[in-house]
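> Structure of the sequence below:
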Amino acid sequence: MTLDQHDNAYREGESPTTVPHSQSHAEPDSHSTQQTRPEHGQAAGELLWLDPAVLEQARNRPEKPIAPEVEASIAEHGNLVPLVVVRTDEDRYAVWDGWHRVILLRKTSHMARCAVYPLDTSAEQLELEAARIALQFNTGAHRYSQSEIDRADAVAQMLDLGLSDKQTRQQLVGVTSKEIAAVKTVTRSATARQALYDSDLDLVQAAAVAEHFADDLDAVNELIEAAACGQFDHHLQHLLDARAEAAAEAATAAAYRAAAHRFEKAGIAVLEPGDAEDAVLLDELLDADANTPTPQSVPTEHLAVVLVRQAVVEGTEERIPVDLIDLRTEMYPDDEPDPGMYHVAAVTLLDDFAPDYYCTDPEALGLVHARLDDEPANAADHAEEVEDPAELAERRARQALQARQAAEAEQARREEEAQRRAQVTELNRRARAATKVRRAWLAKHLFGGQKTVSVGSWELIGRVIAHPDLLTGHHTSGLVADLGKKVPNSASSTGVKARDNHGALRALLRVVAAMETHLQPVHERPDYYRRADSLMGDYLRFLGGLGYPLAPVERLVVGDFTTAQVLGETPLGPDTPGPADSRATTDGVSGDPASEILGDDAEETGTDPLEPAA
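This is a model prediction of the structure:
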């Protein structure tokens, strides 16, 4: 290794700068800011040999790996580039720049070559410390690519000194306001700080951890794992949605308990729906005068309620019990609900419960069922009286077997239906979360102040304009406004190129909004994973080519993943390959459609696979 290589290796192996500079956190007076220009040839410090063992470390960045060739060179030659050292007291020296070399020198018998500067007793201690931090950070910025920890530590130290955000940006070259805000958030959480140091989370990701999951170690570990495979934003949104859903469920449960408490306080029993089999609805009973009993006419000891959650029909404000919601329409949103029922998308659930009143002992009150059997109860008994006992036993056994088989089949059907509904609910949940992340990414990376369209945009524009119904929809116009908040209505200049670029950007905005509407027009329709067509797949591939990390549920649309993979326990990253038979073809999405969990008729759209679904 030559001497030049040796010097360069030192510089590449150590911290972030230019020359020391400082700014006080307070406004300095004019006298204190005046500096006398040194004369040519005036001594700036002194070059001393110092024992590495007595050198003190000024607050520094975390240690970085040291290249083997640098360690070998120092072992043989010592440090050829002097350390930057400040004499703090007699025979006490603080290393401002070069601590990594001190560590190596302590393993050898070499003395340390040091450029020693006197302590500036005229400067405030804060200014001295800020100058030291700036020296370490800024010199290192020119030597190697700084890590998130380097930047976070430098910012945190400046803020600890009391410097403002503006002063910190001025002192630390290249640090942004967003990074400073992230550091402020991270430093409030020991969990987030540890995650930043122990994982590959960047500053913004660590700030999100601190803001949302500082006290949830399991969530932090999940996010670290998701970040490792490029899925941090998607998993963060998934966890946030799950938390919001849990909070909503808790609010509903609290509303139920409050309603139940009011009835129990009045001495009325509150039954769960499954516990009301031995009780009879008051509406199904008649008293001796053939009148339907009321809650006021039934003694409380014989009165019970089942609390039924309420919903409101959108557009009419009509309140209905949730029993009237056709849950099948959640799995098949294009279907009409059964007669007398309501589509899940047409109602909004309320945290409100209305009572259905029951009588627990109608016989004791002389109440009878309002519905009478059409056939006399003793008709079957009479038939059995004249039937051969052996035939009667055989018939009863056959009926019992048929009843048992029918019950088992019904139970299996209900379990399968429940499983399918749970899978659809989970896929919907993931699809909604992916849509939120995707649209936030679009607003930032495509329409966040860009002056031109991205590569491949014109091909997408050409594809989508062939479907004018997508471009002119009501929801499309709303998304244009949401996604294009930073897209101006007119070009920034009158030049032809500026006007063309602006027109292209506006066209792309309309096309992207149209595709987003095609995927998920409203919150209640996140089922684009089962309505996948080639236009959706090409659109998502376009975004992936621009750097957007597709979520697993989105990769189901393009044909990379199967439904089983999306719903699997193992997190799937952007480079996880799908099976060969699940890849998308040029004619549309093939392989494992999401309809496998929705039923054979789930994908019966009647559309050409090359065209968007209706």
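> hey, let's count contacts and neighbours off CA atoms from now on
Noted.
> so which strand or helix has Ala304?
strand 303-313 (DSSP states H and E).
> Please determine how far Val344 is located from Gln520.
Applying CA to CA, to the nearest Å, the value for Val344 to Gln520 is 16 Å.
> Equivalent analysis for Thr472, please.
For Thr472 relative to Gln520 (CA to CA), the value is 15 Å.
> same question, Asp275
Asp275 is 40 Å from Gln520, by CA to CA.
> More neighbours: which of the two?
Between Asp275 and Gln520, counted using other CA atoms under 10 Å, the more crowded position is Gln520 (19 against 10).
> Leaving out sequence neighbours, find the closest residue to the more buried one.
In space, and not counting its chain neighbours, Gln520 is closest to Pro526: 5.2 Å by CA to CA, 6 or more residues apart in numbering.
> these two touch, right, that neighbour and Thr517?
No. The criterion here is CA atoms under 8 Å, and Pro526 misses it with Thr517 at 10.4 Å.
> coming back round to it: quick one: pLDDT of the residue nearest to Gln520?
If you check Pro526, the pLDDT there is 89.
> Can you report how many residues lie near it?
Neighbours of Pro526 using other CA under 10 Å come to 21.
> now swap in Leu519 and tell me
Leu519, neighbours per other CA under 10 Å, totals 24.
> swap in Asp500?
13.
> before we move on, what about the one 10 residues further on?
Neighbour count for Arg510, taken as other CA under 10 Å: 25.
> quick one: contacts for it?
The contact partners of Arg510, taken as CA atoms under 8 Å, 6 or more residues apart in numbering, are 471, 476-477, 480.
> Where helices are concerned, which of the residues you listed count?
471, 476-477, 480 (DSSP state H).
> Would you write a ChimeraX line that selects the buried entries of those residues?
Selection of buried members from the ones in helices among the contacts of Arg510 for ChimeraX, criterion 16 or more other CA atoms under 10 Å:
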select :471,476,480
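> Ala400: what secondary structure?
helix (DSSP: H, G, I helix; E, B strand; the rest coil).
> Domain-wise, how is the protein divided?
As recorded under automatic domain parsing, the domains making up the chain are 3-29+42-175, 266-372, 385-420, 427-597.
> quick one, strands of the stretch 351-500 of the chain?
Assigned by DSSP state E, counting those that start in this stretch, the strands in the stretch 351-500 of the chain fall at 368-369.
> and what of the chain?
Using DSSP state E, the strands of the chain run over residues 46-50, 55-57, 83-89, 92-97, 112-118, 269-271, 280-281, 285-286, 303-313, 318-321, 347-359, 368-369.
> Could you dump those strands into CSV with distance to Ala208 and mean pLDDT added?
Shown next, in CSV, are these (distance: least, CA to CA, whole Å; pLDDT from 0 to 100):
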stretch, distance to Ala208, mean pLDDT
strand 46-50, 45, 92
strand 55-57, 32, 89
strand 83-89, 37, 84
strand 92-97, 32, 86
strand 112-118, 42, 90
strand 269-271, 43, 94
strand 280-281, 52, 91
strand 285-286, 59, 92
strand 303-313, 35, 95
strand 318-321, 39, 94
strand 347-359, 30, 94
strand 368-369, 61, 88
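> Throw these into TSV and include mean neighbour count, thanks.
Output for the strands of the chain, formatted as TSV (neighbours: other CA atoms under 10 Å):
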stretch	mean neighbour count
strand 46-50	15
strand 55-57	17
strand 83-89	19
strand 92-97	21
strand 112-118	20
strand 269-271	20
strand 280-281	20
strand 285-286	20
strand 303-313	21
strand 318-321	15
strand 347-359	18
strand 368-369	16
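> right, and those - which one's nearest Asp560?
strand 347-359 (34.8 Å; CA to CA).
> strand partners of the closest one, parallel vs antiparallel please.
Strand pairing for strand 347-359, determined by DSSP bridges: strand 280-281 (antiparallel), strand 303-313 (antiparallel).
> Could you count how many residues lie near Met158?
Neighbour count of Met158, defined by other CA under 10 Å: 25.
> mind checking how far Val183 is from Gly162?
14 Å.
> try Gln170
For Gln170 relative to Gly162 (CA to CA), the value is 14 Å.
> hmm, back to that, okay, the domains of the chain in CSV with distance to Ala250 next?
Formatted as CSV, the domains of the chain follow (distance: least, CA to CA, whole Å):
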stretch, distance to Ala250
domain 3-29+42-175, 37
domain 266-372, 10
domain 385-420, 22
domain 427-597, 18
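> ok, of those domains, where does mean pLDDT dip lowest?
Taking the mean pLDDT of those, domain 3-29+42-175 comes last: a mean of 75.
> got the contact list for Glu394?
Contacts of Glu394 by CA under 8 Å, 6+ apart: none found.
> how near is it to Ala400?
Distance from Glu394 to Ala400, by CA to CA: 10 Å.
> any chance of the ones in helices among the contacts of Arg510 in CSV, with distance to Val308 too?
Converted to CSV, these look like this (distance: CA to CA, whole Å):
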residue, distance to Val308
Leu471, 43
Thr476, 38
Ser477, 39
Val480, 41
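> Pick the one among the ones in helices among the contacts of Arg510 closest to Gln42.
Using CA to CA, the ones in helices among the contacts of Arg510 come closest to Gln42 at Val480, 65.1 Å.
> which residue sits closest to the closest one in space, ignoring its chain neighbours?
In this structure, Val480 finds its nearest non-sequential neighbour in Ala513, 5.5 Å apart by CA to CA, 6+ apart.
> Ok, Ile133 next?
Ala154 (6.5 Å).
> Wait, Thr108 touches Ser73, no?
No. Under the criterion of CA under 8 Å, Thr108 makes no contact with Ser73, lying 11.2 Å away.
> out of the two, which sits in the busier spot?
Taking other CA under 10 Å, Thr108 and Ser73 do not tie; Ser73 has more neighbours (20 against 14).
> Distance of that one relative to Leu80?
9 Å.
> coming back round to it: and the residue nearest to Val480, how many neighbours?
28.
> Also Ala288?
11.
> Next, the contact list for it, please.
Residues near Ala288 by CA under 8 Å, 6+ apart: 366-367.
> How about the one 10 residues further on?
By CA under 8 Å, 6+ apart, Val298 lies in contact with Cys359.
> Quick check, central residue of this structure?
Gln237 (1.5 Å; CA atoms, centre = their mean).
> Just want to check the distance between the residue nearest to it when sequence neighbours are not counted and Ala422.
Counting by CA to CA, 6+ apart, the nearest residue to Gln237 once its immediate chain neighbours are dropped is Ala433, at 5.6 Å. Relative to Ala422, Ala433 is positioned 17 Å away (CA to CA).
> Have a look at those two and say which one is more surrounded.
A count of neighbours by other CA under 10 Å puts Ala433 above the other of Ala433 and Ala422, at 24 against 13.
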